[in-house]
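K.L.:
Just the structure for this:
(chains A and B)
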Amino acid sequence: MTVEQEFLDSPETELTETGPASEVAADSLEHKAQFVAETRYLSGDQGLRMSEAEEIAADRGAEVVLIAGLFGAGKTTLAVELYARFLEGPVGDWKFAGSVTLKALDHRHKNARASSGLEVAATERTTDDDMRLLHLEVDNGARRVPILMSDVKGEFFDDLVHRGGARETIPLARRADRCVLVIDGARLKEESDRFQSLLDARLMVGALTEPGALRRGAPILITLTKSDSLNSTLLEEVRPEIQELASFASDRGLEPTILVTSARPENSALEPKGLQDLLEWLVEPRVRATVFVEAQNPKRFFWEGNNESD
Amino acid sequence: MKATEVLFSGLPHTGKTTFIALLGMALTHGRKTSLRLGSYDDDREHVYELGKTLAKCEEADRTHVSQRQGLSMSLAAADGDEYFLRIPDLSGEAWSELVDDRQVDEEFARSIETADGLCIFVHAAKFENDPTIAEVDAAARALGDEHGGGPGLRDEKRSSGQVQLVELLQIVGDRLASGSRHLSIVVSAFDLVSDASPNEWIASNAPLAAQYLQTNSSRNSVRIFGLSAQGGSFADDAEKDNLKRKNPIDRASVFRGNGTEGLLDEPVTWALGLG
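P.N.:
Just a heads-up that it's a prediction; the model follows:
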């Protein structure tokens, strides 16, 4: 059994990665082996393959986080902007404690920086057929939490919506300790788009909770991104629909929380929102019980104060 | 006599070679150092030539720099222990290749793994912060330009100075380290910093590195130093004339993390665990 398989099989089920992704990985590994004979290669300029992530998951007890969402929803931006907060200083009580994929995180943040030559910040589209993970380790003095966030291209999730089969399409799902479900807030403005987006999200939750995917009781953060594109009226309109989605996730055995974010506001004069809450959720010790907690803590919701686009 | 090796790590033009020249002179004279020269039989031609140019307030001759022979000296510590110290003059390009391209030849990797001490150099005036587009826009708006800062020049490989520093710390302090070690971070051209101690300079210019150092203090023992090897700028004629009136050891300074002045060899003695 390969290390990669062991990673996928841990802790419950068994699965062999198949299809084009594994062929690409095999070719790439063979190439790398030849290269290593002459020089040593330090991984981390790309996201980690699952086999590479295994070491961190095993040695450091890393939380594996599946970031799920359709193409363009803002999955990579969310992860990268969380990292970028630490470039300015601690995030709440949490300090940056290291990343073996620092170069990969920094590369993904490139198009938000002046040295990109761009006028407007962007995120390079994830095109890798391999399922990669980005490592970010944080420490608050009392606890050190290594986090492995997936960076999986949106097309995989399109497949999931159309055909289901998370076990085969997103093999990382069953290894994930928690899931961030990303919903593109910009697609919630028009009623017809909204209906489709929320239906897609429902289908993703459904597919990800079939046997061989997310385990029962896994925390899921239903994350509305690009909230700066919605005014307060629209946000209020959307709220019950997102809560309904959360109820559905709960019915499917997950432990949902809702978060509204604006990780990189289109108007650069606005401050990013929701990233500290994302981090707090990521580092929260896991509760195994499957309980749906309705919004008791108002800090979890940011429906107010998001009307900058009015 | 114990053979010891200290590696000077840092990207190009961060002051590694200049410090080797200064250290060679200071140790030979036995001034502003805790270590003393133990033998006059060592081959010192390379460091001697580098020292001559530093004394004349001139940039090191590229011929000597390209020889990359480094410093090799027999030294005696205050407690009587004797060392043969070697500081290879590794090119900044080799470190760039390691950080940017993730390639390291086996010999270089082994020398990093087995080094007795490491000093990581950053240059106070060349430490790039690579701002975000939002930050550039905010700065432009503050200056009254409502349209923002406009596009910058694309630089494909560029990472900010603090990200490069953290990468170096992770590589030499963890990934290519067999155990915990002493590390010195040397902020060169510190004469250009007027309002901060070395610790404060890192905290404000490299917050990511400052967090990393705090959260990994149990793994490696790291101290931050400020270094003014030249004492000022050789590019400014008036300043250069002024510097020429002092000897190269007197005009040089090393500052400890809290800003107090230390001995010129302190970054090295700390890296060797002698501090």
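K.L.:
Roughly how far does A:Leu42 sit from A:Glu137?
P.N.:
Separation of A:Leu42 from A:Glu137 (C-beta to C-beta, to the nearest Å) stands at 17 Å. (Each C-beta comes from the backbone N, C-alpha and C, glycine too.)
K.L.:
now do B:Glu58
P.N.:
Between B:Glu58 and A:Glu137 the distance, using C-beta to C-beta, works out to 45 Å.
K.L.:
Which one's more surrounded, those two?
P.N.:
A:Glu137 (21 against 11; other C-beta atoms under 10 Å in any protein chain shown).
K.L.:
what about whichever helix or strand the more buried one is part of and chain B, touching?
P.N.:
Assigned by DSSP states H and E, A:Glu137 belongs to strand A:132-139. Yes. Strand A:132-139 comes into contact with chain B (C-beta under 8 Å from any C-beta of the partner chain), by way of A:Asp139.
K.L.:
List the buried residues for that strand?
P.N.:
Within strand A:132-139, the residues scored as buried using 16 or more other C-beta atoms under 10 Å in any protein chain shown are A:Arg132, A:Leu133, A:Leu134, A:His135, A:Leu136, A:Glu137, A:Val138, A:Asp139.
K.L.:
Quick one: the strands in the stretch 51-200 of chain B, in order.
P.N.:
For the stretch 51-200 of chain B, the strands defined by DSSP state E, counting those that start in this stretch occupy B:71-76, B:82-87, B:103-105, B:117-123, B:182-188.
K.L.:
list the buried ones in the longest helix seen in chain A?
P.N.:
The helix that spans the most residues within chain A, counting by DSSP state H, is helix A:232-251. Buried residues in helix A:232-251, counted by 16+ other C-beta under 10 Å: A:Leu234, A:Leu235, A:Val238, A:Arg239, A:Ile242, A:Gln243, A:Leu245, A:Ala246, A:Phe248, A:Ala249, A:Ser250.
K.L.:
Same question for stretch B:3-18.
P.N.:
Judged by neighbour count (16+ other C-beta under 10 Å), stretch B:3-18 contains these buried residues: B:4-11, B:14-18.
K.L.:
now stretch B:199-210
P.N.:
Quick answer for stretch B:199-210 (16+ other C-beta under 10 Å): B:Asn199, B:Glu200, B:Trp201, B:Ile202, B:Ala203, B:Asn205, B:Ala206, B:Pro207, B:Leu208, B:Ala209, B:Ala210.
K.L.:
and what of stretch B:48-57?
P.N.:
Of all the residues in stretch B:48-57, those buried under the rule 16+ other C-beta under 10 Å are B:Glu49, B:Leu50, B:Gly51, B:Lys52, B:Thr53, B:Leu54, B:Ala55, B:Cys57.
K.L.:
any idea which of the residues you listed is closest to chain A?
P.N.:
B:Leu50 (29.6 Å; C-beta to the nearest C-beta).
K.L.:
How about the contacts made by the closest residue in space to the closest one that isn't next to it in sequence?
P.N.:
The spatial neighbour of B:Leu50 that comes closest, neighbours along the chain excluded (C-beta to C-beta, 6 or more residues apart in numbering or on different chains), is B:Ala21 at 3.7 Å. Applying C-beta atoms under 8 Å, 6 or more residues apart in numbering or on different chains to B:Ala21 gives the contacts B:Val47, B:Leu50, B:Gly51, B:Thr53, B:Leu54, B:Ala60, B:Ala229.
K.L.:
measure the residue nearest to the fifth one when sequence neighbours are not counted to chain A for me?
P.N.:
Spatial nearest neighbour of B:Leu54, chain neighbours left out: B:Ala21 (4.5 Å); criterion: C-beta to C-beta, 6+ apart. Here the distance between B:Ala21 and chain A works out to 30 Å (C-beta to the nearest C-beta, to the nearest Å).
K.L.:
Torsion angles phi and psi at B:Ala21?
P.N.:
With angles defined as degrees, to the nearest 10, B:Ala21 sits at phi -60, psi -50.
K.L.:
Skipping adjacent residues, who's closest to the residue in chain A sticking out farthest from the centre in space?
P.N.:
Residue farthest from the centre of chain A, counting by C-alpha atoms, centre = their mean, is A:Glu38 at 36.0 Å. Nearest residue to A:Glu38, sequence neighbours excluded (C-beta to C-beta, 6+ apart): B:Asp105, at 7.5 Å.
K.L.:
I'd like to know which of the buried residues of strand A:132-139 is nearest to chain B.
P.N.:
Using C-beta to the nearest C-beta, A:Asp139 is the member of these that lies nearest chain B, at 4.0 Å.
K.L.:
Go ahead and confirm that closest one touches B:Leu213.
P.N.:
No. Under the criterion of C-beta atoms under 8 Å, A:Asp139 is not in contact with B:Leu213, lying 11.6 Å apart.
K.L.:
is it true that B:Pro12 touches B:Glu93?
P.N.:
Yes. With contacts counted by C-beta under 8 Å, B:Pro12 reaches B:Glu93, the gap being 6.0 Å.
K.L.:
Spatially nearest residue to the residue in the stretch 201-310 of chain A that chain B sits nearest to (excluding sequence neighbours)?
P.N.:
With C-beta to the nearest C-beta, the shortest gap between the stretch 201-310 of chain A and chain B falls at A:Ser268, namely 3.9 Å. Nearest non-adjacent residue to A:Ser268, counting by C-beta to C-beta, 6+ apart: B:Ala134, 3.9 Å away.
K.L.:
Contacts only, for B:Thr114.
P.N.:
If you count contacts by C-beta under 8 Å, 6+ apart, B:Thr114 has them with B:Glu5, B:Ser178.
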